[in-house]
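*Asks:* return atomic coordinates for the entry below.
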Amino acid sequence: MGTIGQLCWFVALPMRTKPLSVDQVVAVVVTYEPDRAALEALLAALAGQVEQTIVVDNGSTVDVAEWVVRAGLGGACAVVPLGENRGVAAAQNVGIRRARSFGAAAVVLFDQDSLPAPEMVARLVAAVNEAAARGVAVAAAGPRYLDVRQDNPPPFLRLRGVAVARLPCPDEGVVVEVDYLISSGCLIPLAALDLVGPMREELFIDYVDIEWGLRARQMGLTCLGVCGAQMRHDLGEAPLALFGRRLPVHSPLRHYYHFRNAVFLYRAPWLPWNWKVADGWRLLAKYLVYSLFARTRLAHWRMMTQGIVDGLRRRMGRYAPPLARG
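*Replies:* Sure thing, here's the model as predicted:
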C-alpha cells in the first residue's frame with residue numbers, strides 16, 4: 001500500500017471468507033493511569049467473552065501487571081508495559097501485533113473506561129459474519145455505547161452530503177452502515193487491518209479511530225454499528241450543561257490533540273471534501289463553546305489554538321510545550 005498522502009483511489013479486494021468465531025477474537029485494552037476498580041471490572045467482563053486479553057500500558061506510574069495478578073485474571077490476560085506514554089495509536093498497534101502472535105483472526109479494542117455488556121463481543125462477531133455472508137467487505141463493527149452521565153445513548157453517525165445524519169436504533173436487531181466507529185468496543189478483523197494498514201501513530205490520541213475508519217471506507221470497506229451490542233463508556237470529564245444539552249468535555253490537553261489532528265487531516269487530499277466541511281463546522285462550534293463556556297476557558301482556548309497552529313505546521317506526535325521545543 002502506498003503512503004496515506006497517495007491514497008486517493010478506490011480499492012476492492014477479497015476479504016475473509018470463513019466465518020469468524022468468538023474464540024478467534026483477542027481483546028486489546030490500552031491503559032494510562034487507570035482506575036483500578038474500573039479496569040478490573042472491564043477485564044472481568046472480557047474474561048467471560050474472549051479467551052485472551054492483552055493490556056498495553058502506556059507508562060502508568062502504577063503496576064498494572066500486579067493489579068491483574070491480584071485480581072486473579074493473570075491466566076486470561078497478558079500485560080505489555082511500554083514504559084512511557086507512546087499514545088493510543090502506538091499502543092493499539094503493539095496490542096494488535098501481539099494478538100497476531102496468539103493466532104487471532106480479529107481484535108476488539110478497548111479504552112480503560114469502558115464496560116461491555118454481556119455477549120457484546122458475540123453480537124459484533126455475528127454482525128460481521130452476517131454482513132460477510134452478503135458479500136460486504138467489513139472493516140469493523142462497533143457497539144452502541146452509553147455515557148451514564150449524559151443519560152442518552154449517542155446515535156451512530158453517517159455523512160450525507162455535508163450534513164451528519166444521526167442513525168437511530170429502533171430495536172436491537174438493527175445494524176447500520178457508518179463512516180467510522182469510536183475505537184473502544186470496536187471489533188476489527190485482521191484481514192481488514194492487512195488491507196487498510198495500522199493506526200497512525202503520529203496522531204498520538206484523538207481522530208485515530210476516525211482516520212482509520214475513513215481510510216477503510218476510501219478503500220471500499222464498511223464499518224457497522226450494531227444496535228444489539230452495547231457498552232458503557234465514559235466520554236471525557238464531567239459534561240458541560242449548556243442550552244438544555246449536556247456536552248462532553250475533555251481536558252485542555254485532549255482538546256489540543258483534537259484540534260491539531262483535525263486540522264492535520266483536513267489537509268489530506270484523499271479525505272472527502274464534504275467530510276472536511278461537515279467536521280470543520282462542528283470543530284468551529286466546539287472552539288467557540290469551549291472558549292466561552294468551559295470551566296477553564298482560557299486554558300481550553302490556548303490549547304485549542306496551539307493545536308490548530310501545530311496542525312497547520314504538521315507538528316505531530318506527543319505534545320511538547322512551546323518553550324521545550326527545539
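*Asks:* so what's the residue count around V289?
*Replies:* V289 sits with 17 neighbouring residues when counted by other CB atoms under 10 Å. Glycine gets a C-beta too; all of them are placed from N, C-alpha and C.
*Asks:* list the buried residues in the helix or strand containing it.
*Replies:* Per DSSP states H and E, V289 falls inside helix 273-293. In terms of neighbour count (16 or more other CB atoms under 10 Å), helix 273-293 has its buried residues at W275, K276, A278, D279, L283, K286, Y287, V289, Y290, S291.
*Asks:* any chance of the residues you listed in CSV, with pLDDT and distance to L109 too?
*Replies:* Compiled in CSV, these are given as follows (pLDDT from 0 to 100; distance: CB to CB, whole Å):
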residue, pLDDT, distance to L109
W275, 95, 22
K276, 96, 25
A278, 95, 25
D279, 95, 22
L283, 95, 24
K286, 91, 24
Y287, 95, 28
V289, 91, 29
Y290, 90, 27
S291, 94, 32
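*Asks:* show me what contacts the residue positioned nearest the centre of the chain?
*Replies:* Central residue of the chain (CA atoms, centre = their mean): S183, 2.0 Å from the mean position. If you count contacts by CB atoms under 8 Å, 6 or more residues apart in numbering, S183 has them with V88, Q92, L109, D111, V208, D209.
*Asks:* if we can go back for a sec, any chance of the buried residues of helix 273-293 in JSON lines, with distance to Y145 too?
*Replies:* Below are the buried residues of helix 273-293 laid out as JSON lines (distance: CB to CB, whole Å):
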{"residue": "W275", "distance to Y145": "22"}
{"residue": "K276", "distance to Y145": "26"}
{"residue": "A278", "distance to Y145": "21"}
{"residue": "D279", "distance to Y145": "20"}
{"residue": "L283", "distance to Y145": "22"}
{"residue": "K286", "distance to Y145": "20"}
{"residue": "Y287", "distance to Y145": "25"}
{"residue": "V289", "distance to Y145": "22"}
{"residue": "Y290", "distance to Y145": "22"}
{"residue": "S291", "distance to Y145": "27"}
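*Asks:* appreciated, that's everything.
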